[in-house]
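> Sharing a model that was predicted from the sequence below.
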Amino acid sequence: MDLIQAYSKRRDLAESLVNALRQLQQGQNGGRSRSIRPAPLSTRLWRMVDRLGEADQERLIAAFTAGTSKRKLAERYGISESSVKRLIRQHGASKPSSA
């Protein structure tokens, strides 16, 4: 099995990685410095407001306070359960207490 197949099913990405590694090892970077660091965090993550507008966030909070589970809200809005929890915390929301 060659290195490319062992790395990825996406040959284009694997070839790019192999070429970059070869250039780094051989010092043939064309005068440019190369980095293998990941992109800055700010470019890898979407802000919540980019994924859910203010109106959607308000609807999510209203549904939560009406008793909808966090899991169902995550599925409904296409976000993670941890994002739902974070929104709830940020809005200071809580479920109504059982009588």
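Alright, I've got the coordinates.

> ok, the residue lying closest to Lys70 once chain neighbours are set aside - how many residues close by?
Spatial nearest neighbour of Lys70, chain neighbours left out: Val84 (4.7 Å); criterion: C-beta to C-beta, 6 or more residues apart in numbering. Where you see a C-beta, it was placed from the backbone N, CA and C, and this is true even at glycine. The tally of other residues near Val84 (other C-beta atoms under 10 Å) stands at 24.

> isn't Val84 right up against Leu73?
Yes: counting by C-beta atoms under 8 Å, Val84 touches Leu73, with 4.9 Å between them.

> overlap in contacts of these two?
60, 64 (C-beta atoms under 8 Å, 6 or more residues apart in numbering).

> helix/strand/coil for the residue nearest to Lys70?
What DSSP: H, G, I helix; E, B strand; the rest coil gives for Val84 is helix.

> wait, what's in contact with it?
60, 64, 70, 73-74, 77.

> And the top helix by length along the chain, what's buried?
Secondary structure assigned by DSSP state H gives helix 11-26 as the longest helix of the chain. In terms of neighbour count (16 or more other C-beta atoms under 10 Å), helix 11-26 has its buried residues at Ala14.

> What average pLDDT does the helix or strand where Glu58 lies get?
Assigned by DSSP states H and E, Glu58 belongs to helix 54-65. Taken as a whole, helix 54-65 has a mean pLDDT of 93.

> Equivalent analysis for stretch 15-35, please.
Stretch 15-35 comes out at a mean pLDDT of 71.

> Arg71 contacts Glu81, correct?
Yes: here Arg71 reaches Glu81: they are 5.9 Å apart, a contact under C-beta under 8 Å.

> These two: who's more crowded?
Glu81 (14 against 10).

> ok, that one - contacts?
70-71, 74.

> First-to-last residue distance for stretch 67-84?
14 Å (C-alpha to C-alpha, to the nearest Å).

> what about the closest residue to His91 other than its chain neighbours, how many residues close to it?
Leaving out its chain neighbours, the residue that sits closest to His91 by C-beta to C-beta, 6+ apart is Ile61, at 4.9 Å. Neighbourhood size, Ile61 [other C-beta under 10 Å]: 18.

> do the same with Lys95
Neighbour number of Lys95 under other C-beta under 10 Å is 13.
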